[in-house]
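[1] kindly return the folded structure for what I paste below:
(chains A, B, C and D)
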2 protein chains.
Amino acid sequence: MRAPLDPDMFDPVCPSDLSPIRVGDKWAGMIIRCLEQGPRRFSELRVPLRGITAKVLTRSLRALERDGLVRRTAHAGRAPRVDYELTPLGRSLLGPMDVACEWARRNWDDLLDAREAGAAPGRARD
Amino acid sequence: MRAPLDPDMFDPVCPSDLSPIRVGDKWAGMIIRCLEQGPRRFSELRVPLRGITAKVLTRSLRALERDGLVRRTAHAGRAPRVDYELTPLGRSLLGPMDVACEWARRNWDDLLDAREAGAAPGRARD
DNA sequence: CAGAATCCAGTCAGATACTG
DNA sequence: CAGTATCTGACTGGATTCTG
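    As a prediction, this is how the structure comes out:
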């Protein structure tokens, strides 16, 4: 709630593409980060998740809800409004996620080097 | 090396299906665990990874190699023999993986409950 | 605003068969 | 033994269009 989400909170260069550690589907980790400081509305989430379509966001949120990580609250009344927030279980994931991010930051260079080098020299890639 | 891999080291009930935290593809996490105590041969890896086909194991290993997590060593000579072992980078993943496993163990019940409850009552599940 | 419906292309795991 | 080749069907992410 408090501060609006930074549209650039996810650096397009940084994404977890390099890190082998993943949380849920492609967007789940970012969604959880978006909810870290409190409930957010559907449209609010779409801002930092640049380019995500409504369908995909809906599917990711449903999966998070099914797994007990996120709670959905639809507020009645004309002009639909739906809030998503972390459950205690979802919030407890932030610790492991921090560990994963820290690992990625510390090993950034090694990860980049490995990718640049491609597979081991001398053997086919795909 | 020392002890052969336990064919049952991955409980068919336990698998990370419930945990939202993933390392690489479906098999990568298990492969890394298999290599924790030293180099293993291709066939050795297939034992605990019950049912994995050669093609899929090869693909997973190639991806791990490309990412700098595993090193492949082909020993020359008749009767092919290939060893796979963790690189220092790959070994450094064990810490975050332990954190993820610990999280999953601690929240096992909540995860199961969420799944049993299905999605939130009253709305469609897919 | 917060989705649902439909369609599409790429990726994934797996099955099966073959090879140096 | 340690793979490769080929073919499947399932799942994923996304684009587009439509709705209460």
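
[2] hey, where'd the helices end up in chain A?
    With DSSP state H as the criterion, chain A has helices at A:28-34, A:42-46, A:54-66, A:88-91, A:94-106, A:108-116.

[3] and of these, who's closest to DNA strand D?
    Evaluated over the helices of chain A, closeness to DNA strand D peaks at helix A:54-66, with 4.4 Å, by CB to the nearest atom of the strand. Yep, even glycine has a C-beta here, placed from its N, CA and C like the rest.

[4] tell me what the closest one is packed against?
    helix A:28-34, helix A:42-46, strand A:70-75 (3 or more CB pairs under 8 Å, 6 or more residues apart in numbering or on different chains; DSSP states H and E).

[5] contacting residues around the last one?
    So the one you mean is strand A:70-75. Under the criterion CB atoms under 8 Å, 6 or more residues apart in numbering or on different chains, residues A:31-32, A:35, A:39, A:61, A:64-65, A:80-87, A:90, B:120 lie in contact with strand A:70-75.

[6] each with direction, which strands does that strand pair with?
    According to DSSP bridges, strand A:70-75 forms sheet pairs with strand A:81-86 (antiparallel).

[7] now stretch A:79-94: how far from the chain's centre is it?
    In this view, stretch A:79-94 has its centroid 13 Å away from the chain centroid, taken as CA atoms, centre = their mean, to the nearest Å.

[8] now it: average pLDDT?
    On average, the pLDDT along stretch A:79-94 is 97.

[9] which pLDDT does the model give the closest residue to residue A:94 other than its chain neighbours?
    Leaving aside its chain neighbours, residue A:94 sits nearest to residue A:36 (6.5 Å; criterion: CB to CB, 6 or more residues apart in numbering or on different chains). The score at residue A:36 is 97. That number is its pLDDT.

[10] which residues touch residue A:6?
    If you count contacts by CB under 8 Å, 6+ apart, then residue A:6 has residue A:48 around it.

[11] let me fix that: residue A:10
    If a contact means CB under 8 Å, 6+ apart, then residue A:10 has A:30, A:48, A:49, A:50 as its contacts.

[12] for chain A, where's the lowest mean pLDDT among helices and strands?
    helix A:108-116 (a mean of 91; mean pLDDT, DSSP states H and E).

[13] list the buried residues of that one.
    The neighbour-count check on helix A:108-116 (16 or more other CB atoms under 10 Å in any protein chain shown) flags A:110, A:111, A:114 as buried.

[14] what distance do you get for residue A:36 to residue B:100?
    Applying CB to CB, to the nearest Å, the value for residue A:36 to residue B:100 is 18 Å.

[15] for residue A:23, same thing?
    Residue A:23 sits 9 Å away from residue B:100, taking CB to CB as the criterion.

[16] who touches both of these two?
    The contact lists of residue A:23 and residue B:100 share A:100, B:21, where a contact means CB under 8 Å, 6+ apart.
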